[in-house]
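Visitor: sequence and predicted model, in that order:
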Amino acid sequence: MRRLLIVAVLMAALLIAGCAQEEKATPKPTITPAEEKKLKVAFVYVSPVGDAGWSYMHDQGRQYIEKVYGVQTAYSESVSDADAERVIREYAEQGYDVIFTTSFGFMDPTITVAKDFPNIVFMHCSGYKTAENVGTYFGRMYQARYLTGIVAGEMTKTNKIGYVAAHPIPEVIRGINAFALGVKAVNPDAKVYVVWTGTWYDPAKEKEAALSLIEEGCDVIAQHQDSPAPQQAAQEKGVYSIGYHSDMYEFAPKAHLTAAVWNWSVIYAYVIENVMKGTWKSEQIWWGIDKGVVDIAPFNPIVPEDVQKKVMEEKEKYLKHEVPEQYPFVGPIYDQNGNLVKAEGEVMSDEELLSMNFFVDNVVGEIPAGGGE
Amino acid sequence: MDFIASLIAASIRAGTPLLFATLGEIITERSGVLNLGLEGIMITGAMTGFAVSLLTGNPWLGVLAAGLAGMAMASIHAFFSITLKADQSVTGLMLVLLGIGLTGFLGRNYIGQVAEYIQPVNIPYLSELPFVGEAFFSHDPLVYAAMLLVPLTWFFLFRTRHGMEIIAVGESPEAADTLGISVEKLRYASVLIGGFLVGIAGAHLSLAYAKLWTDGMTAGRGWICLALVIFSGWMPQRAILGAYLFGGLDVLSFKLQAAGVGVSYHLLKMIPYVVTILVLLFSVMRKKEKFGAPSALGKPYIREQRY
């Protein structure tokens, strides 16, 4: 009897927990017969949408296409890599026409499910595997990083700029280097000090890492984490900071100078239009500032006008295609040991960017072994 | 000197949530109940505290609510493991899943919000002292509360009647039962007090340390505390050492990196666990004089039943 009771209560508790999960996974709107012909688009997010960060920015894009194209959308948030295949498959089975999967870890599940649903368009963000009905998309965030680096280089007084880095993978390293090249472009004396946290989302640690950099004399803090904790640390200690993903101004209005931000609606609109017109084909989209996929957040008024102007002039170069897409990764580029990686005028290839595993010469810090996979 | 002072300050900061939760779990385990659900209780405290502070504008109400939420979670464990005599590991693990699932779901609207948080307090005069001022006397009130809690817990467990009874219940529930001590009542009390403290550990993370709420922000700290209980040999006074050591090693890697000392942070992260294993080995070799776990830990007590 007692055992039965235990089992019953356990089941109830698990059911409650299960329901909480289920709600996330279930698409929210139900369709009325009249709307049945509407394009159905699903999004699979790795983290909660919340009010800032990676998934939040993707969700802004979802809302945009819903409004502009009148498509019916659904999304699942906080989907783990392990659970991704099930969630993606559910959408496919429910007859969604386009499914966007927005985390690197969703790459293989996307490919797997796509094989069974050849008539559905799958778009995977940040990966490299494609198929007849699977395309990829990403943004050239390093371009925005470069612009924020210019701001940091101009604003530092100590010539020590801190960078709270997440994991030593090429994307993060590329961001640090682009940022450092921006710093170097306006302030050859300044150095970028990197501290690795080994986390994407542990606010307490990320804050502590930022505090350590500030104590070492850094007066501008940049970051690659999803949490705005480094911004808070900067505000508390009275130094400047540069946000990432979304405009993090609200978290640190006195510190936050600008941020490197995403705008996915451009890509989502492009894909939806193509699907609607029947012209969609599998491709690997990697767009930058010129298309508006990445950008910088509005400047804090404390950034002097001439600095703002300088940054905007650099941004113009991208917009007018005066520089290659790979800019600032155009030679001469030296690594930390002073070796010439790219000769004067040479442009790094996309391939080199995607597998980047060295620091440029004004970065202080090491790339931990085992990183840069 | 500045480096050392700031390292000590950071270790204490990082160690405080660990200390709250470890003290809570020590009280719980001393009564013979193993609660593996710390991670779930802590995250519940973190979210509840943040939400209540956001809604009321008073972070201290948030702290209180976090403690109560922790208690509520712990009461589930108490009900299963004490009243129903269920397997303690299973219900503890269930709390982890429940806590992470529920807070992820209920807390989604609070992500990215800014709530009132607990301000640091510079203790007059003391905080102006060189070195020690920065290291010890410029923290938020919860840090001091955690420090104060160490002697209080020690006194409670080893110098008060209720405390001694809890220990007796954890060591030998049948003997305690024979003496007329209510095993169930004391175990309930211990689990609930423990839950309260673990909830506050969460509130320290979201209201004083990181000052924000995000899904899964306890990031494994609950599991670390389980190791810390073993490390401390179920003694509050050792828990403070352990908590600050574990906290310190976390921040040490950042400090060293920022100072330009090349160390592998993977290696540094490993050290606390290596130390815990060494402590365990040491305790086994010394035949659990002072280091041993309570004898009845993890075993449900059923009157008249032989183990």
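Guide: Arrived safely, thanks for sending.
Visitor: what average pLDDT does the helix or strand hosting B:E39 get?
Guide: In the assignment (DSSP states H and E), B:E39 maps to helix B:38-56. The average pLDDT within helix B:38-56 is 97.
Visitor: check which helices and strands that helix sits against.
Guide: Packing partners of helix B:38-56 (3 or more Cβ pairs under 8 Å, 6 or more residues apart in numbering or on different chains; DSSP states H and E): helix B:2-30, helix B:59-78, helix B:88-106, helix B:183-203, helix B:221-231. Quick note: C-beta positions are derived from backbone N, CA and C, even for glycine.
Visitor: please name whichever of those is nearest to A:P298.
Guide: Checking the helices and strands packed on helix B:38-56 against A:P298 by Cβ to Cβ gives helix B:59-78 as the closest, at 30.1 Å.
Visitor: returning to what we had before: got the helices and strands packed on helix B:38-56 as JSON lines, with mean pLDDT columns?
Guide: As requested, the helices and strands packed on helix B:38-56 are arranged in JSON lines below (pLDDT from 0 to 100):
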{"stretch": "helix B:2-30", "mean pLDDT": "94"}
{"stretch": "helix B:59-78", "mean pLDDT": "97"}
{"stretch": "helix B:88-106", "mean pLDDT": "92"}
{"stretch": "helix B:183-203", "mean pLDDT": "97"}
{"stretch": "helix B:221-231", "mean pLDDT": "91"}
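Visitor: how about those helices in a markdown table, adding distance to chain A and mean neighbour count?
Guide: Formatted as a markdown table, these follow (distance: least, Cβ to the nearest Cβ, whole Å; neighbours: other Cβ atoms under 10 Å in any protein chain shown):
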| stretch | distance to chain A | mean neighbour count |
| --- | --- | --- |
| helix B:2-30 | 5 | 25 |
| helix B:59-78 | 7 | 24 |
| helix B:88-106 | 4 | 21 |
| helix B:183-203 | 11 | 26 |
| helix B:221-231 | 8 | 24 |
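Visitor: average pLDDT across stretch A:178-192?
Guide: In this model, stretch A:178-192 has a mean pLDDT of 97.
Visitor: so how far is it from its chain's centroid?
Guide: How far stretch A:178-192 lies from its chain's middle: 22 Å, per Cα atoms, centre = their mean, to the nearest Å.
Visitor: buried ones in it, by neighbour count?
Guide: Burial within stretch A:178-192, assessed by neighbour count using 16 or more other Cβ atoms under 10 Å in any protein chain shown, is assigned to A:178-187, A:190-192.
Visitor: again, but for stretch A:54-72
Guide: Residues of stretch A:54-72 classed as buried by neighbour count (16+ other Cβ under 10 Å): A:54-62, A:64-66, A:69, A:71-72.
Visitor: likewise for stretch B:152-163?
Guide: Buried-residue list, stretch B:152-163, by 16+ other Cβ under 10 Å: B:T153, B:W154, B:F156, B:L157, B:G163.
Visitor: residue contacts, residue 126?
Guide: Since you didn't name a chain, this refers to chain A. The neighbourhood of A:S126, defined by Cβ atoms under 8 Å, 6 or more residues apart in numbering or on different chains, consists of A:T102, A:S103, A:F104, A:M107, A:T136, A:F138, A:E171.
Visitor: can you look at chain B instead?
Guide: Residues in contact with B:L126 (Cβ under 8 Å, 6+ apart) are B:V132, B:G133, B:F136, B:F137.
Visitor: which of these sits closest to B:K269?
Guide: For the contacts of B:L126, the nearest to B:K269 is B:F136 (25.5 Å; Cβ to Cβ).
Visitor: got CSV for the buried residues of stretch A:178-192, with distance to A:D295 too?
Guide: Below are the buried residues of stretch A:178-192 laid out as CSV (distance: Cβ to Cβ, whole Å):
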residue, distance to A:D295
A:A178, 14
A:F179, 15
A:A180, 20
A:L181, 18
A:G182, 15
A:V183, 19
A:K184, 22
A:A185, 19
A:V186, 19
A:N187, 23
A:A190, 24
A:K191, 26
A:V192, 22
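Visitor: distance of the closest residue to B:P120 other than its chain neighbours relative to B:G202?
Guide: Nearest residue to B:P120 in three dimensions, chain neighbours excluded: B:D140, at 4.6 Å (Cβ to Cβ, 6 or more residues apart in numbering or on different chains). Between B:D140 and B:G202 the distance, using Cβ to Cβ, to the nearest Å, works out to 15 Å.
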